[in-house]
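# Okay, predicted coordinates and the sequence, questions at the end:
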Amino acid sequence: MTIEDIQNEIIDEFSMFDDWEERYQYMIDLGKDLPLINDQYKTDSNIIKGCQSKVWVHAEMKDDKVEFTADSDAIITKGIIAILIRTFSNQHPKDIIDADTDFIDKIGLKEHLSPTRANGLVSMVKQLKMYAIAYQTQLN
Amino acid sequence: MFNVQDIRKDFPILSRKVNGKSLVYFDNAATSQTPQQVIDAIIDYYANYNANIHRGVHTLSQEATDLYEQARQKIQAHFNAKFSHEIILTSGTTDSINLVANGFSSLLKKGDEIIVSALEHHSNIVPWQMLCERTGASLKVIPMNEEGELVITDFDNLLSKNTKLVFVNHISNALGTINPIKYIIDKAHQVGAAVLIDGAQACPHIKPDVQALDVDFYVASAHKMCGPTGVGMLYGKEDWLNKLPPYQGGGEMIAEVTFEKTTYADLPHKFEAGTPNIAGGIVFGAAIDYMNRIGFDAIAAYENDLLNYATEKLLAIDGLKIYGTSKNKTSVISFNLEDIHPYDVGTILDKLGIAVRTGHHCAQPIMDFYCIPGTVRASFSFYNTKEEIDTLVEGVKKAKMMLS
């Protein structure tokens, strides 16, 4: 599936919910379900420091696609990471570079990607793209 | 008579909705809300008096100057300073601390010691670290205990003839602990050290008397006292302020300027370079008037009642731990739910219209002491109610249910 397909799929899933509580509960469950990152990659060099919650990101190249794993110490942050990883992981670097995150707005979670939120997610998206740019350079 | 429902009518923001819910504002330790009387004072200044001060011969300038200097006198009276020129108007507590730290650069040398406390806000740690880097002086720290109180016997042992400065907050912003500042001031003076007390968190709750405390420097911000942001004050004993060199160069702070030599203005203007925050200074005075009309005894009694009520209700939630359990504390409750990140709790509370602070509260050393990433901090003001605390308690229970 393309990044856009996956994002549309996520928008569909979230459209089933009537209020914020259901949306958040779903996101929290997504965060709980996923073992997001191998412990050996939860190192200081992979950490993205938000003022409030921490985010760890690890990237690997497999068959010309970038595979991301990530984690956070806060569960709501982790839920959004799960959504972002689902869209960006196992995609070609070029597609990751070109992708946007507007769908987060459409599923009613826009405030979490605000730069004032200090949860590390804005930096995380930047970091995912930086990895993609680095791998794209290798492919060229 | 103290009537919270009447008081709430003074604060227009308290009737707004957040995320579809009635706002419950419990982030008062970060900034207080602004009553209509103070908002009116801002409008009145710009509508009727706006002019640059201290220089103009025209009527507006003189009226604005009078208002600004009257505000300084109100602040002097409020803190019971001996002279109005001992009150320096700054951009806030952080600015005030930096002014003093900068001034001491030329007075300290290698081997001198500065004592700070483990309960400090970053703004009362970093400027002193920078001062130590500039002068070769070293920084000593008064440790804290599990209750979030300073271990005062360790302070006694840190004091020596090398101690030149002691910096302690009056009340901890992260935990609400009221520190024994009178004891600290007296002990520090016995070895000849100067003392700066950061009163940012104390001034919304109590009325400090700088002469009774015999403190050398006391600093505060207007925006935590129902006043505007971007203005605060430094009280300094006249002798100390005369000893410190100017902080910034510019207009207002000079007596005479030639290219060979400049002589500086007298206090307080020596430390007030450039056009000050004129409206801010005047409205700071209006905020102090507002709080004094309500009365600090009534404020303290009411807030203490809120604190006891909230402490009891919150502790009834299974798995909730309060950090900062000193008997001497103000209406601040820092807490966590077991195995739940404070950021998650704060996010759910926000969806319910409840404003709390989450994170390390610019006091990372305290969080490191407790081995936690941060806390949820609810801080209560005299315009909050027990009903709002009930809303918070229900919100925390809901957050716990959703996040467990």
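Arrived safely, thanks for sending. These figures come from a predicted structure and were not determined experimentally.
# Report the buried residues of the lengthiest helix in chain A.
Looking across chain A with DSSP state H, the single longest helix is helix A:121-139. Of all the residues in helix A:121-139, those buried under the rule 16 or more other C-beta atoms under 10 Å in any protein chain shown are A:Leu121, A:Val122, A:Ser123, A:Met124, A:Val125, A:Gln127, A:Leu128, A:Lys129, A:Tyr131, A:Ala132, A:Tyr135, A:Gln136. Backbone N, C-alpha and C define where each C-beta goes, glycine included.
# Could you do stretch B:330-345 as well?
B:330-337, B:340-345.
# what about the residue of chain A found nearest chain B, neighbour count?
Taking C-beta to the nearest C-beta, chain B has its nearest neighbour within chain A at A:Ala74, 3.9 Å off. The number of residues packed near A:Ala74 is 29, by other C-beta atoms under 10 Å in any protein chain shown.
# Check the gap between it and B:Pro373 for me.
Distance from A:Ala74 to B:Pro373, counting by C-beta to C-beta, to the nearest Å: 8 Å.
# shared neighbours of these two, anything?
A:Gln52, A:Ser53, A:Lys54, B:His341 (C-beta atoms under 8 Å, 6 or more residues apart in numbering or on different chains).
# Could you report the pLDDT at the first one?
You'll see A:Gln52 listed with a pLDDT of 77.
# my read is it is in a strand, agree?
No: in this structure, A:Gln52 is coil, not part of a strand, as judged by DSSP: H, G, I helix; E, B strand; the rest coil.
# wait, it sits on B:Met367?
No: counting by C-beta atoms under 8 Å, A:Gln52 does not reach B:Met367; the two are 11.4 Å apart.
# what touches both of the two?
The contact sets of A:Gln52 and B:Met367 overlap at B:Pro373, B:Gly374 (C-beta under 8 Å, 6+ apart).
# between the two, who's got more neighbours?
A:Gln52 (23 against 19).
# Including pLDDT, could the buried residues of stretch B:330-345 go into CSV?
Rendered in CSV, the data for the buried residues of stretch B:330-345 read as follows (pLDDT from 0 to 100):
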residue, pLDDT
B:Thr330, 96
B:Ser331, 97
B:Val332, 97
B:Ile333, 98
B:Ser334, 97
B:Phe335, 98
B:Asn336, 97
B:Leu337, 98
B:Ile340, 96
B:His341, 95
B:Pro342, 95
B:Tyr343, 92
B:Asp344, 94
B:Val345, 96
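# so which of the residues you listed also contact chain A?
B:Ile340, B:His341, B:Pro342, B:Tyr343, B:Asp344 (C-beta under 8 Å from any C-beta of the partner chain).
# okay if I get those residues as CSV plus secondary structure?
Shown next, in CSV, are these (three-state DSSP):
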residue, secondary structure
B:Ile340, coil
B:His341, coil
B:Pro342, helix
B:Tyr343, helix
B:Asp344, helix
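# So which of the buried residues of helix A:121-139 is the closest to B:Val151?
Minimum distance to B:Val151 across the buried residues of helix A:121-139 is 37.9 Å, recorded for A:Ser123 (C-beta to C-beta).
# Quick check, the closest one in contact with A:Ile47.
No: between A:Ser123 and A:Ile47 there is no contact under C-beta under 8 Å: 10.2 Å.
# pLDDT below threshold where in chain A?
Applying pLDDT under 70 to chain A flags the ranges A:35, A:50-51, A:115-120.
# can you pull out the strands in it?
Listed in chain order, the strands of chain A (DSSP state E) span A:47-49, A:54-62, A:65-72.
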